[in-house]
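S.K.: my questions concern the predicted model and sequence given below.
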Number of protein chains: 2
Amino acid sequence: MCKNKSTEETIRDAARRVFIAKGFAGCSSREIAKEAGMNVALVNYYFRSKNQLFQLIFHAAMEDFFVSMLEVFAAPMDLEEKLKIFISNEYDFFAKHPEIPRFIIGELTREGCEFDEKAAIKERIEQTGIFQEALQAQEAGRMRKIDFFHIMILIMSNCQYPFMARPLIQQIHEIPTEAYQEKLALHKELVIDMVMSYLFPKNKN
Amino acid sequence: MCKNKSTEETIRDAARRVFIAKGFAGCSSREIAKEAGMNVALVNYYFRSKNQLFQLIFHAAMEDFFVSMLEVFAAPMDLEEKLKIFISNEYDFFAKHPEIPRFIIGELTREGCEFDEKAAIKERIEQTGIFQEALQAQEAGRMRKIDFFHIMILIMSNCQYPFMARPLIQQIHEIPTEAYQEKLALHKELVIDMVMSYLFPKNKN
DNA sequence: AGCTTTTTTAAACAAGTGTTTAAAACAGTT
DNA sequence: AACTGTTTTAAACACTTGTTTAAAAAAGCT
């Protein structure tokens, strides 16, 4: 009844690395087993199938993806600071896990990857009250009147894309990975500055 | 000696659709053949191997990817308008070809996809003189002093990510594809407004 | 017409795929 | 010790993969 936790976790961690690096279609069950130092049959013994193991990894990645977002939204601060910290946290999260956005978007794109309601992200965001908070700030003239939908895209674009597109942009600018990462650390300040000053324009009069 | 152009192009077009939709690892030679309404052997008769056919498609996509960028940079306008039109063109291009960025970044990410110098994008951008142009504008105080590296990332982030992330953001906001596309059309104005007013701050005094 | 070259097809190849089976190794209990 | 259930392994399953072969069909040419 009590499964060997060590073996199961070893396989799961190996699967996480391989799936995230190569995607579902880009790797085989045997590759995951080898990465874990195990037999192929053992992978299916613990997780029944490649697809089932993948769903596990994918949904966990999705959860991680949304966690920092939600906890910042629910924090007790004024909206302006909240969004600033949100951007900062998001940027830091993707600096630490740069492969996550490409993985999630890539797998959501291919057909047959059913996620659907399951997570109910929208509802969980709504429950933080951030939508009304933004509306109030906009009514009061403290914030530019933009639908929160667009605000989220602006922020996600600037926090995720720079990490997703590393191989492309490295190719364009012909710089090594370390130099790229250093530049992205500086880029963070630009993003915060640009987005915040757009959302909360300070009338200089 | 004169190959049947029709057949070859039919296969190439089918390969383009399938590769871009599913990626190199996500499809088979037989799937491409079927999409083209041909035999598997015929694919290899014209293109020798799946990998060779892929390289063809990939490099062509890369070229398309850079074309509009370069021609705007070389256009005879003042820098501010040039960048504005650049953003607009980029946004329109990805609205028309929303799968391209994910395809390129995804394939550049997996190992074994050698592209390297081949294109020399950096040099081609340099030849348009946009770098010096930006430096001049910055010296003259007409433009915020930001390395062009960061400017490009800002623009690419906001022009590409919204289209790449469609399945993810649709999931979050629970809206159908048509509604999403309509919203993205509006989003364009925000992007132009935000980026341009950040790069070229108008002192309101 | 017949002959040559190009295009297309069906079939085969070895290697790799996800998954299952059945037996072995292990651990725990009495 | 023998019997328990759990964990691990090697081997096999049927099927798909990329690629090649060899023959058929079509097209070109004199």
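M.R.: Structure received.
S.K.: from B:Phe163, how far off is A:Ala140?
M.R.: Relative to B:Phe163, A:Ala140 is positioned 33 Å away (C-beta to C-beta, to the nearest Å). (Glycine included, C-beta is placed from N, CA and C.)
S.K.: compare the two (neighbour count), which wins?
M.R.: B:Phe163 (21 against 8; other C-beta atoms under 10 Å in any protein chain shown).
S.K.: apart from its neighbours in sequence, what residue is nearest that one?
M.R.: Here the nearest residue to B:Phe163 in space, its sequence neighbours aside, is B:Pro98; by C-beta to C-beta, 6 or more residues apart in numbering or on different chains that works out to 3.8 Å.
S.K.: show the pLDDT at the one you found.
M.R.: Predicted confidence (pLDDT) at B:Pro98: the value is 97.
S.K.: check A:Gln132 too.
M.R.: So A:Gln132 comes in at 95 (pLDDT).
S.K.: for it, grab the count of nearby residues.
M.R.: 11.
S.K.: and for the helix or strand containing it, what's in contact with it?
M.R.: A:Gln132 is part of helix A:130-139, with elements assigned from DSSP states H and E. If you take C-beta atoms under 8 Å, 6 or more residues apart in numbering or on different chains as the criterion, helix A:130-139 is touched by A:Phe73, A:Leu79, A:Glu80, A:Lys82, A:Ile125, A:Met143, A:Arg144, A:Lys145, A:Ile146, A:Phe148, A:Ile151.
S.K.: check which residues of that helix are buried.
M.R.: A:Ile130, A:Phe131, A:Glu133, A:Ala134, A:Ala137, A:Gln138 (16 or more other C-beta atoms under 10 Å in any protein chain shown).
S.K.: quick check: next helix or strand after that helix?
M.R.: helix A:148-164.
S.K.: check the offset of that following helix from the chain's centre.
M.R.: How far helix A:148-164 lies from its chain's middle: 10 Å, per C-alpha atoms, centre = their mean, to the nearest Å.
S.K.: I figured A:Ser157 hits B:Tyr161, correct?
M.R.: Yes: between A:Ser157 and B:Tyr161 a contact is recorded at 3.8 Å, counting by C-beta atoms under 8 Å.
S.K.: which one's more surrounded, the two?
M.R.: B:Tyr161 (28 against 24).
S.K.: which helices and strands does the strand or helix carrying A:Ile57 pack with?
M.R.: Element membership of A:Ile57, judged by DSSP H and E, is helix A:50-73. Here helix A:50-73 touches helix A:5-22, helix A:29-36, helix A:40-47, helix A:79-96, helix A:100-109, helix A:121-127, going by 3 or more C-beta pairs under 8 Å, 6 or more residues apart in numbering or on different chains; DSSP states H and E.
S.K.: and that helix with helix A:100-109, angle?
M.R.: Relative orientation of helix A:50-73 versus helix A:100-109 (axes from the mean of the first three to the mean of the last three C-alpha atoms, to 10 degrees): 130 degrees.
S.K.: A:Met156 and B:Ile169 touch, don't they?
M.R.: Yes: look at A:Met156 against B:Ile169 with C-beta under 8 Å: they come within range, at 7.5 Å.
S.K.: mind listing what the closest residue to A:Leu199 other than its chain neighbours touches?
M.R.: Distances taken as C-beta to C-beta, 6+ apart put A:Arg144 closest to A:Leu199, at 5.5 Å, once the chain neighbours are dropped. Applying C-beta under 8 Å, 6+ apart to A:Arg144 gives the contacts A:Gln138, A:Tyr198, A:Leu199, A:Phe200, A:Pro201.
S.K.: dump those residues to JSON lines, plus pLDDT.
M.R.: Formatted as JSON lines, the contacts of A:Arg144 follow (pLDDT from 0 to 100):
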{"residue": "A:Gln138", "pLDDT": "98"}
{"residue": "A:Tyr198", "pLDDT": "98"}
{"residue": "A:Leu199", "pLDDT": "98"}
{"residue": "A:Phe200", "pLDDT": "98"}
{"residue": "A:Pro201", "pLDDT": "95"}
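S.K.: what subset of the residues you listed is buried?
M.R.: Buried among those by 16+ other C-beta under 10 Å: A:Gln138, A:Tyr198, A:Leu199.
S.K.: nearest to A:Leu53 among those residues?
M.R.: Nearest to A:Leu53, judged by C-beta to C-beta, of those is A:Leu199 at 41.0 Å.
S.K.: separation between that closest one and A:Ile155?
M.R.: Applying C-beta to C-beta to A:Leu199 and A:Ile155 gives a distance of 9 Å.
S.K.: which residues are in contact with both of the two?
M.R.: What both A:Leu199 and A:Ile155 touch, as defined by C-beta under 8 Å, 6+ apart, is the set A:Leu83.
S.K.: neighbours of A:Pro101, how many?
M.R.: 24.
S.K.: ok, and the closest non-adjacent residue to it?
M.R.: A:Pro101 sits nearest to A:Gln160 (C-beta to C-beta, 6+ apart), 4.3 Å away.
S.K.: so which bits of chain A are right by DNA strand C?
M.R.: By C-beta under 7 Å from any atom of the strand, the residues of chain A that approach DNA strand C are A:Cys27, A:Ser28, A:Ser29, A:Arg30, A:Glu31, A:Val40, A:Ala41, A:Asn44, A:Arg48, A:Ser49, A:Lys50, A:Asn51.
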